[in-house]
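Colleague: coordinates only, sequence not included:
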Ligand code: MSP
């Protein structure tokens, strides 16, 4: 039997004209949670991220800093790489488009498109927005600017074109037969409307600057940065050699770059005769305290700074709990603080701390689970757990992170109500055996939710699972199907979530 294909998930590769900010951190974190959950389910995962280093925008940024583009991209790419451990992210590969493996693969990809007759040479005349690295038609301009607000310049140059217009019907029938290929559904409709509006052939080379991958057999041209960048998903997977992970299971992208991923990319792949990604998931944008985030307003949010202030897991939790993934959201320090104090410290932290500190005092923190002793109330509470596993894994696999966390918190809050009702502190004096019955039920619930929460909050759950005495090898979803037998030895209880 052949092993199933690894689950292949990608972030966009980030432009190196900018320092990493909350938007980049958000896409990476969402992918990280999904990747960790797949691993927890026992699947092999290939989680890819990287940097997009060619193009006019990067060339201009390098020049503005008085640097050679390669030295400039080396420096900024490193700052994206440094962000990974800070976010607790676990990518399996980090690709840079200036790496040889990418340049070679992208050149082969171009050649395949050319061999398939999908490329021709002509003259491009139209508007280009360097900030978006995107061409716009006259009809798309709003008050002389790109619809994104970016400045446009008129361009006339010899250019290679991709026969995008040939793919309108093929794309439309693909969307129809694969209704999950673009998510959330509102985004699929947006893409369909765009394609139904007609597709023009796409200019895919530039000759007015040189910071790019040379077009095979025509050194006057470099590849259009989006063709170059999209090819990273193949070249990181081994293209043009065997690609054991391809097709990608999901490309996670911001809504601003959906068109490139859901229209151009499938058309390129169709032309090259390659399988298409299973899904493109577009998330929304964050504003900062109600304002659009932009360099010129000086209100970008530095992930490093908020992680230092609130702690990594509080930031991970907030970003994925506060706003349904796919919708726009507003970043506010107050709201982050409320979530950290309320959901984390008061609900989850309190459930764990108050029961663990009582348990640790009995019998040197050793106990044996005794399900025979569990009564109706205990069973009723613990019956919430098996459906929770199902609900959380399903929600994460559809990127409904906020729903997954809501369901977990239903159980955490029920756990606190159960403790309030059972009053183990009162039982301590009258009936210590009954006290341990109650606390061991809470232990089962804490173990369950902490295992499920690992993808979201890897640091805190690792500490809590240590305190709960759950061995690292028994922190998988499969382990949740059975209760531990034999003696459980608790670690030393200590508060895990700080209040701010
Ligand atoms: N280089 C291209 C992607 C090429 S992929 C083949 C690019 N890079 S980017 O650095 O500009 O943006 C990367 C991601 O950050 C995008 O998914 C974008 O949506 C996301 N964000 C940038 N600002 C954001 C917010 N304010 N909020 C949420 N995400 C945002 O595009």
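Modeller: Noted; the coordinates are in hand. If you're wondering where the values come from, they're calculated on a predicted model, not measured in any experiment.
Colleague: for the rest of this, base every contact and every neighbour count on C-alpha atoms.
Modeller: Fine.
Colleague: what sits against the closest residue to the ligand within the stretch 201-350 of the chain?
Modeller: Using Cα to the nearest ligand atom, residue 254 is the residue of the stretch 201-350 of the chain that sits closest to the ligand, at 3.0 Å. Residue 254 makes contact with 27, 282, 283, 284, 285, according to Cα atoms under 8 Å, 6 or more residues apart in numbering.
Colleague: which of these are close to the ligand?
Modeller: When contact is defined as Cα under 6 Å from any ligand atom, the contacts of residue 254 meet the ligand at 284, 285.
Colleague: what about the contacts of residue 254, which one has the most neighbours?
Modeller: Counting neighbours by other Cα atoms under 10 Å, residue 282 leads these with 27 neighbours.
Colleague: thinking again about what came up before, just put the contacts of residue 254 in CSV and tack on pLDDT and secondary structure.
Modeller: As requested, those are exported to CSV (pLDDT from 0 to 100; DSSP: H, G, I helix; E, B strand; the rest coil):
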residue, pLDDT, secondary structure
27, 97, helix
282, 98, strand
283, 98, strand
284, 97, coil
285, 95, coil
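Colleague: which stretches of the protein have low pLDDT?
Modeller: 1-2 (pLDDT under 70).
Colleague: find the closest residue to the ligand in the stretch 401-500 of the chain.
Modeller: residue 401 (15.5 Å).
Colleague: element containing residue 351?
Modeller: helix 350-361 (DSSP states H and E).
Colleague: in that helix, what's buried?
Modeller: The neighbour-count check on helix 350-361 (16 or more other Cα atoms under 10 Å) flags 350, 351, 352, 353, 354, 355, 356, 357, 358, 359, 360 as buried.
Colleague: I'd like the next helix or strand past it.
Modeller: strand 366-368.
Colleague: would you mark the buried spots in the helix or strand just after that following strand?
Modeller: Note on strand 366-368: by DSSP H and E, the next helix or strand toward the C-terminus is helix 376-382. Within helix 376-382, the residues scored as buried using 16+ other Cα under 10 Å are 378, 381, 382.
Colleague: wait, residue 322 touches residue 403, no?
Modeller: No: the criterion here is Cα atoms under 8 Å, and residue 322 misses it with residue 403 at 10.3 Å.
Colleague: out of the two, which sits in the busier spot?
Modeller: Counted by other Cα under 10 Å, residue 322 and residue 403 do not tie: residue 403 has more neighbours, with 20 against 17.
Colleague: which element is that one on?
Modeller: Residue-wise, residue 403 maps onto helix 401-422 under DSSP H and E.
Colleague: give me the helices and strands touching that helix, please.
Modeller: For helix 401-422, the packing partners by 3 or more Cα pairs under 8 Å, 6 or more residues apart in numbering; DSSP states H and E come out as helix 312-322, helix 350-361, helix 376-382, helix 385-397, helix 432-453.
Colleague: now those helices as TSV including distance to residue 262?
Modeller: Formatted as TSV, the helices and strands packed on helix 401-422 follow (distance: least, Cα to Cα, whole Å):
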stretch	distance to residue 262
helix 312-322	24
helix 350-361	44
helix 376-382	44
helix 385-397	20
helix 432-453	31
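Colleague: domains of this protein?
Modeller: The chain breaks down by automatic domain parsing into domains covering 7-284, 333-489.
Colleague: need the residues of the stretch 251-400 of the chain near the ligand, please.
Modeller: 253, 254, 255, 256, 257, 284, 285, 286, 287, 293.
Colleague: contacts only, for residue 313.
Modeller: By Cα under 8 Å, 6+ apart, the neighbours of residue 313 are 456, 457, 458, 459, 460.
Colleague: meant to ask about residue 442
Modeller: With Cα under 8 Å, 6+ apart, residue 442 has these contacts: 355, 415, 419.
Colleague: got it, and residue 490?
Modeller: 360, 365, 366, 466, 467, 468, 469.
Colleague: repeat the analysis, applying 7 Å as the threshold.
Modeller: 360, 365, 366, 467, 468, 469 (Cα atoms under 7 Å, 6 or more residues apart in numbering).
Colleague: same check, this time on residue 299
Modeller: Going by Cα under 7 Å, 6+ apart, the list of residues near residue 299 reads residue 293.
Colleague: A strand includes it, no?
Modeller: No: using DSSP: H, G, I helix; E, B strand; the rest coil, the assignment for residue 299 is coil, not a strand.
Colleague: state the distance from it to residue 150.
Modeller: Distance of residue 299 to residue 150, given as Cα to Cα, to the nearest Å: 18 Å.
Colleague: for the residue of the stretch 51-200 of the chain found nearest the ligand, list each beta-bridge partner.
Modeller: Of all residues in the stretch 51-200 of the chain, the one sitting closest to the ligand is residue 52 (5.0 Å; Cα to the nearest ligand atom). Taking DSSP bridges as the rule, residue 52 bridges to residue 15.
Colleague: coming back round to it: skipping adjacent residues, who's closest to the residue of the stretch 401-500 of the chain closest to the ligand in space?
Modeller: Spatial nearest neighbour of residue 401, chain neighbours left out: residue 320 (5.8 Å); criterion: Cα to Cα, 6 or more residues apart in numbering.
Colleague: for residue 96, same thing?
Modeller: Residue 96 sits nearest to residue 51 (Cα to Cα, 6+ apart), 5.0 Å away.
Colleague: so what's the residue count around that neighbour?
Modeller: That count, for residue 51 with other Cα under 10 Å as the rule, works out to 24.
Colleague: and if you look at residue 362?
Modeller: Neighbours of residue 362 (other Cα under 10 Å): 13.
Colleague: now it: how far from residue 490?
Modeller: 10 Å.
Colleague: ok so, going back, how about the residue of the stretch 201-350 of the chain closest to the ligand, phi and psi?
Modeller: phi -80, psi 160 (degrees, to the nearest 10).
Colleague: tell me who's in contact with the residue of the chain positioned farthest from its centre.
Modeller: Centroid-distance maximum for the chain: residue 430 at 50.5 Å, with Cα atoms, centre = their mean. For residue 430, the contact set (Cα under 7 Å, 6+ apart) is empty.
Colleague: roughly how far does it sit from residue 369?
Modeller: 21 Å.
Colleague: go on, residue 324?
Modeller: From residue 324 to residue 369 the distance is 38 Å (Cα to Cα).
Colleague: can you check residue 450 too?
Modeller: Counting by Cα to Cα, the gap from residue 450 to residue 369 is 18 Å.
Colleague: okay, those two: which has more neighbours?
Modeller: residue 450 (25 against 19).
Colleague: which of the residues in stretch 432-447 are buried?
Modeller: Buried, per 16+ other Cα under 10 Å, within stretch 432-447: 434-447.
Colleague: now stretch 369-376
Modeller: For stretch 369-376, by 16+ other Cα under 10 Å, it's 369, 374.
Colleague: end to end on it, go ahead and measure it.
Modeller: 16 Å.
Colleague: same deal with stretch 149-156?
Modeller: 22 Å.
Colleague: report the distance from that stretch to the chain centre.
Modeller: 31 Å (Cα atoms, centre = their mean, to the nearest Å).
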